[in-house]
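> Dropping the sequence and predicted coords here.
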Amino acid sequence: MVQKEQKLEHSPTLNTVIMVENVLKRADESALSIAELKRRLPKQVNHNTLKVVLQYLEDSNKIAVSLKGITWITNSNANLKRAIAKGLEL
(Lines give C-alpha, C1' and ligand atoms only; values in the text may rest on other atoms or scores of the structure.)
Protein backbone atom coordinates (compact mmCIF):
# COMPACT_ATOMS: atom_id res chain seq x y z
CA MET A 1 0.00 0.00 0.00
CA VAL A 2 1.34 3.44 -0.95
CA GLN A 3 1.07 6.05 1.77
CA LYS A 4 0.12 9.53 0.69
CA GLU A 5 1.79 12.50 2.32
CA GLN A 6 -0.63 14.24 4.59
CA LYS A 7 -0.74 17.97 3.91
CA LEU A 8 -1.53 20.35 6.73
CA GLU A 9 -4.21 22.69 5.46
CA HIS A 10 -3.45 25.33 8.05
CA SER A 11 0.30 25.17 8.41
CA PRO A 12 1.59 28.44 9.90
CA THR A 13 4.74 30.15 8.69
CA LEU A 14 7.56 31.04 11.04
CA ASN A 15 6.62 34.71 10.66
CA THR A 16 3.09 33.95 11.87
CA VAL A 17 4.36 32.06 14.92
CA ILE A 18 6.74 34.90 15.81
CA MET A 19 3.99 37.50 15.29
CA VAL A 20 1.65 35.66 17.70
CA GLU A 21 4.47 35.17 20.23
CA ASN A 22 5.31 38.88 20.20
CA VAL A 23 1.71 39.95 20.78
CA LEU A 24 1.34 37.53 23.70
CA LYS A 25 4.69 38.53 25.25
CA ARG A 26 3.84 42.23 25.16
CA ALA A 27 0.29 41.93 26.51
CA ASP A 28 -0.25 44.02 29.64
CA GLU A 29 -3.19 41.92 30.78
CA SER A 30 -2.65 38.63 32.55
CA ALA A 31 -4.81 36.76 30.00
CA LEU A 32 -6.04 37.48 26.47
CA SER A 33 -9.03 35.92 24.78
CA ILE A 34 -8.61 34.56 21.27
CA ALA A 35 -10.84 37.37 19.97
CA GLU A 36 -8.64 40.01 21.64
CA LEU A 37 -5.49 38.31 20.35
CA LYS A 38 -6.89 38.42 16.81
CA ARG A 39 -7.64 42.16 17.17
CA ARG A 40 -4.08 42.87 18.32
CA LEU A 41 -2.33 40.95 15.56
CA PRO A 42 -0.89 43.28 12.91
CA LYS A 43 -2.15 40.96 10.14
CA GLN A 44 -5.22 38.76 9.90
CA VAL A 45 -4.56 35.11 10.67
CA ASN A 46 -6.90 32.28 9.71
CA HIS A 47 -8.66 30.94 12.83
CA ASN A 48 -7.54 27.34 12.23
CA THR A 49 -3.96 28.48 11.60
CA LEU A 50 -4.05 30.45 14.85
CA LYS A 51 -5.26 27.35 16.68
CA VAL A 52 -2.27 25.40 15.31
CA VAL A 53 0.11 28.16 16.49
CA LEU A 54 -1.49 28.26 19.95
CA GLN A 55 -1.29 24.46 20.23
CA TYR A 56 2.42 24.59 19.34
CA LEU A 57 3.09 27.35 21.90
CA GLU A 58 1.19 25.42 24.58
CA ASP A 59 3.02 22.17 23.77
CA SER A 60 6.36 23.99 24.03
CA ASN A 61 5.37 25.47 27.44
CA LYS A 62 5.45 29.07 26.25
CA ILE A 63 1.79 29.79 26.98
CA ALA A 64 -0.92 28.56 29.31
CA VAL A 65 -4.49 28.32 28.03
CA SER A 66 -7.33 28.48 30.53
CA LEU A 67 -10.97 29.48 30.66
CA LYS A 68 -9.89 33.06 31.40
CA GLY A 69 -7.70 33.25 28.29
CA ILE A 70 -4.16 32.81 27.03
CA THR A 71 -1.15 33.80 29.16
CA TRP A 72 2.54 34.01 28.23
CA ILE A 73 4.45 31.99 30.85
CA THR A 74 8.02 31.76 29.51
CA ASN A 75 10.51 33.88 31.43
CA SER A 76 13.85 34.61 29.75
CA ASN A 77 15.37 36.50 32.70
CA ALA A 78 18.97 35.28 33.09
CA ASN A 79 19.03 36.09 36.82
CA LEU A 80 15.93 33.98 37.40
CA LYS A 81 17.44 31.05 35.48
CA ARG A 82 20.64 31.24 37.57
CA ALA A 83 18.65 31.42 40.82
CA ILE A 84 16.63 28.37 39.82
CA ALA A 85 19.78 26.44 38.83
CA LYS A 86 21.47 27.22 42.16
CA GLY A 87 18.34 26.91 44.28
CA LEU A 88 17.53 24.19 46.73
CA GLU A 89 14.87 21.62 45.98
CA LEU A 90 12.43 21.18 48.84
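It's in. Just so it is clear, the structure is predicted and the values come from calculations on it, not from any experiment. Numbering: from 1, shown residues only.
> From now on I want contacts and neighbour counts done on CA atoms only, so please keep to that.
Will do.
> so where's the chain uncertain?
1-8, 88-90 (pLDDT under 70).
> Nearest the geometric middle of it, what residue?
Centrality entry for the chain: nearest residue to the mean C-alpha point is L57, 3.4 Å, by C-alpha atoms, centre = their mean.
> Next secondary structure after the helix or strand where K51 lies?
With elements taken from DSSP states H and E, the one containing K51 is helix 47-59. Reading on from helix 47-59 to the C-terminus, the next helix or strand found by DSSP H and E is strand 63-66.
> Tell me which residues of the following helix or strand past that following strand come out buried.
Once the chain leaves strand 63-66, the next helix or strand it forms, by DSSP H and E, is strand 69-72. By neighbour count on 16 or more other C-alpha atoms under 10 Å, the buried set for strand 69-72 is 70-72.
> and which of these is nearest to V23?
In terms of C-alpha to C-alpha, no member of those lies closer to V23 than W72, at 9.6 Å.
> Which strand residues bridge the closest one?
Under the criterion DSSP bridges, W72 forms beta bridges with I63.
> Give me the contacts around stretch 54-69.
31-34, 70-74 (C-alpha atoms under 8 Å, 6 or more residues apart in numbering).
> how does it look with 10 Å?
By C-alpha atoms under 10 Å, 6 or more residues apart in numbering, the surrounding residues in contact with stretch 54-69 are 17, 20-21, 24-25, 30-37, 48-53, 70-75.
> swap in stretch 9-26?
With C-alpha under 10 Å, 6+ apart as the test, stretch 9-26 has contacts from 30-32, 37-38, 40-54, 56-57, 62-63, 70-75.
> Of those residues, grab the buried ones for ChimeraX.
Buried residues among these (16+ other C-alpha under 10 Å), as a ChimeraX selection:
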select :31,32,37,38,49,50,52,53,54,57,62,63,70,71,72
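> got the contact list for the closest residue to T71 other than its chain neighbours?
Among residues not flanking T71 along the chain, A31 sits closest, at 4.8 Å (C-alpha to C-alpha, 6 or more residues apart in numbering). Counting by C-alpha under 10 Å, 6+ apart, A31 makes contact with 24, 37, 64-72.
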